[in-house]
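Visitor: Sharing a model that was predicted from the sequence below.
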Amino acid sequence: MYANPLLIMTKTILPLLAICLLLLSGCATPSTAIKLDKNRDYYFGLMSLVLETNEDFKQLDSITYENHIRGKFNNLVSSTYRNEVEKALGNKFSFDNAQIRLVKSSEVFEINKDVSYSQFLQKMKDTGVDGILFVNKYNISQVQNYDTRHYQHSSSSSVVGTEEKARFNSYIIDVETLKPVWYTDTHVQSESAYIMNKQLAESVFKKLRKDKYILTRNY
């Protein structure tokens, strides 16, 4: 007795369609946030700082700034990427009625203008924020998606699309101590940079709210 080829294809294609719909919407892999300073709670003003480097950060001292931040957080080459991430963060904080002011570093520092460590600290403090939301794209790779069809005696696979997979390390850095008080990593995957940034913003916001670093009207 032979299985119905149409039935086999239907059972295979339907799950694939569900997977495709999920991939098109993008996804963020669950991760755990770490509270490095359990005595620190709600922040009322954050300045977003977006980078793209493979370095880990223990504190925002002059050495860290000179080696990994100066000339990179406001360069021209990565300005589009930074603006898109900051826009996604700003939209999320605004739409969810967060009781916190988010200041975009792209609106504070000029593109391609050299900023010394002391100038950076002074301009940041002039905004009135009490913390820095430091978002760093730590790693990025490409993933190919395959469509596999099974027939009665054979199967075939073909590439149906390529997606980007990225890991972001995010920190809250206290303005007074210049050390991280909170950390999380977020893994996102999508064909669209817009969706990846949106998933990143949603994940970071949700964890900050859960850990009581930001207040919302409906929290």
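Guide: Nice, I can see it.
Visitor: from here on, contacts and neighbour counts on C-alpha atoms
Guide: Noted.
Visitor: Just the strands from this protein, written as ranges.
Guide: 27-29, 34-35, 45-51, 101-104, 131-150, 155-174, 180-190 (DSSP state E).
Visitor: for the record, mean pLDDT for the first one?
Guide: Spelled out, it's strand 27-29. Across strand 27-29, the average pLDDT comes to 56.
Visitor: K113: what's it in contact with?
Guide: Contacts for K113 (CA atoms under 8 Å, 6 or more residues apart in numbering) come out as G71, N74, N75.
Visitor: so which of those residues would you say is closest to F44?
Guide: N74 (24.2 Å; CA to CA).
Visitor: burial count for the closest one?
Guide: Under the neighbour criterion other CA atoms under 10 Å, N74 is assigned a count of 24.
Visitor: now it, nearest residue through space, not along the chain?
Guide: Of all residues not flanking N74 in the chain, I111 sits nearest, at 5.0 Å (CA to CA, 6 or more residues apart in numbering).
Visitor: my guess is the one you found meets K72, correct?
Guide: No. With contact defined as CA atoms under 8 Å, I111 does not count as touching K72 (9.9 Å).
Visitor: between the two, who's got more neighbours?
Guide: It is K72, of I111 and K72, that has more neighbours when counted by other CA under 10 Å, with 21 against 17.
Visitor: Contact partners for that one?
Guide: Contacts of K72 (CA under 8 Å, 6+ apart): L51.
Visitor: Below-threshold pLDDT in this structure: ranges please.
Guide: 1-31, 96, 139-147, 152, 154, 156-161, 218-219 (pLDDT under 70).
Visitor: how about a cut-off of 90?
Guide: Along the chain, the parts satisfying pLDDT under 90 run over 1-33, 36-41, 52-58, 93-99, 137-167, 187-193, 214-219.
Visitor: Surely G45 and R101 touch.
Guide: Yes. G45 lies in contact with R101 (CA under 8 Å); the separation is 4.6 Å.
Visitor: what touches both of these two?
Guide: Joint contacts of G45 and R101 (CA under 8 Å, 6+ apart) are V129.
Visitor: burial count for V77?
Guide: Using other CA under 10 Å: V77 sits among 11 other residues.
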